[in-house]
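J.: Requesting a structural model of the entry that follows:
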Amino acid sequence: MRGPWLTGVFGLVLLAGVTLLFLTGLLSYAAYNPDLAARNDQTPDKGWLGFYLFTWPTSPSWLYRLTQGVHTVLGVALVPVLLAKLWSVIPKLFEWPPVRSAAHALERLSLLLLVGGAGFTFVTGILNIQLDYIFPGSFYTLHFYGSWVFIGAFAVHVAFRLPRAVRAVRGGGSHQPASGSREAAGLVSPHPARPTISRRGALAMVGSGSFALLFVTAGQSIGGWWRQTALLAPHGRDPGTGPNGFQINKTAASSGIRPSDIGPAWRLTVRGGGRQVVLTREMLLALPQNEAALPIACVEGWSTPDQQWSGVRLGDLAALVGLGTDTPQVLVESVQRGGSFSSVVLAPNQARDHRSLLAVRVNGADLSPDHGYPARVIIPAAPGVHNTKWVTRLTFGEPV
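T.: Numbers count the residues shown, from 1 in each chain. Next up is the predicted model:
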């Protein structure tokens with residue numbers, strides 16, 4: 001079965017899929033606004049790798065849900081294609097002599113980085129989707145740098161192999177060049193075994209595998225009833241039925257939240273412009289309440305449908321300290337002790353959006369402790385970890 005046509009087809013599929021995968025990954029990184037503050041930046045030594053970063057928009061509200069959903073679901077669905085592509089080129093990995101020229105040496109080095117980078121990037125991404133952090137260090141850092149190594153090697157490989165892949169595919173699957181010929185590209189066995197499946201059958205098998213993975217993964221991004229079909233998504237994180245019965249990532253208990261932290265003694269401190277206001281939850285409820293229908297979408301790829309949130313606009317809270325006209329960036333801090341994203345900085349456009357709330361209720365009921373009682377921020381199109389729960393302090397416009 002092995003030959004330029006089969007390898008070319010798998011390669012062209014990966015060219016389209018990996019390109020989209022990388023672009024949506026870049027968008028996911030930009031959504032964290034890492035240039036805004038050190039608290040948002042999980043890769044502080046990125047240097048010029050962050051050349052493209054821009055202020056993440058708040059509209060449409062489902063933007064991050066779409067881009068991150070595509071990123072994670074596509075990454076899982078491409079696994080059979082990636083494995084099939086690697087299988088199809090196994091003879092090339094062991095060709096002799098291993099280096100014939102400077103250009104060939106560069107190509108071989110790119111293959112080493114390509115195969116290693118692909119394995120590392122896909123494995124860390126899938127483990128993160130499963131909330132299984134068995135790798136050392138931060139997922140964000142490992143996945144970020146691993147992805148750049150992978151895409152660099154991928155670009156070199158494409159530059160060397162794309163013309164040949166296009167010619168092979170155009171030649172058709174019925175044609176198999178003679179072993180040892182230039183056209184065979186070292187992929188055709190000189191003594192092939194009797195085939196048990198056709199090349200087109202192999203494509204159908206790989207495509208069926210990708211479709212099956214798509215079917216059992218996409219439901220976690222679509223949400224709602226479709227989540228039941230997401231057999232590969234982490235389970236046991238759905239708090240049941242009722243107004244608060246939608247997906248969560250971290251529970252109050254797993255985040256170290258004690259009853260006293262969110263009990264009657266809880267206070268919200270609003271600071272900015274040299275002023276400070278301290279509010280009880282009753283005082284917060286007495287302020288003008290607004291509503292917004294917004295989803296939650298997380299880096300692991302899962303998301304919820306729109307939930308009906310109600311609370312106080314961040315712009316109205318900024319006005320309490322004299323900063324309501326042009327709401328500046330805001331540092332949001334939680335009572336959560338330690339851990340990633342116990343605090344976050346929101347950009348001015350996020351703080352000014354009329355749908356950005358310090359929410360106290362959802363779907364007509366008080367927030368549950370797992371959903372951030374007594375108050376949490378909810379921001380349109382923001383990554384889930386930026387919708388900080390158990391908020392205790394908002395600091396507008398000051399250096400962080």
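J.: Which positions within stretch 239-254 qualify as buried?
T.: Within stretch 239-254, the residues scored as buried using 16 or more other C-beta atoms under 10 Å are Pro243, Asn244, Phe246, Gln247, Ile248, Asn249, Lys250, Ala252. Any C-beta I mention is one placed from the backbone N, CA and C, and that applies to glycine too.
J.: nope, stretch 291-302 is what I was after
T.: Ala292, Leu294, Pro295, Ile296, Ala297, Cys298, Val299, Glu300, Gly301, Trp302.
J.: I'd like the distance between the first one and Leu27.
T.: Relative to Leu27, Ala292 is positioned 23 Å away (criterion: C-beta to C-beta, to the nearest Å).
J.: so what's the nearest residue to Gly397 once chain neighbours are set aside up against?
T.: Among residues not flanking Gly397 along the chain, Pro328 sits closest, at 3.5 Å (C-beta to C-beta, 6 or more residues apart in numbering). Pro328 sits next to Gly272, Ala318, Pro348, Ala351, Phe396, Gly397 when contact means C-beta atoms under 8 Å, 6 or more residues apart in numbering.
J.: would you turn these into CSV with neighbour count and pLDDT?
T.: Formatted as CSV, the contacts of Pro328 follow (neighbours: other C-beta atoms under 10 Å; pLDDT from 0 to 100):
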residue, neighbour count, pLDDT
Gly272, 24, 94
Ala318, 24, 96
Pro348, 16, 96
Ala351, 27, 96
Phe396, 27, 96
Gly397, 20, 92
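J.: In terms of distance to Leu93, which of the buried residues of stretch 239-254 ranks first?
T.: Relative to Leu93, the closest of these is Asn249; by C-beta to C-beta it sits at 39.4 Å.
J.: Determine which two of the buried residues of stretch 239-254 are furthest apart.
T.: It's Pro243 and Lys250 that sit farthest apart of the buried residues of stretch 239-254, by C-beta to C-beta, at 19.5 Å.
J.: Ser260 belongs to a strand, doesn't it?
T.: No. The assignment for Ser260, made by DSSP: H, G, I helix; E, B strand; the rest coil, is helix rather than a strand.
J.: Distance check, it against Val335.
T.: The value you get for Ser260 to Val335, if C-beta to C-beta is used, is 10 Å.
J.: what does Ser179 give?
T.: Ser179 is 68 Å from Val335, by C-beta to C-beta.
J.: of those two, who's got more company?
T.: Taking neighbours as other C-beta atoms under 10 Å, Ser179 and Val335 compare with Val335 leading, 20 against 14.
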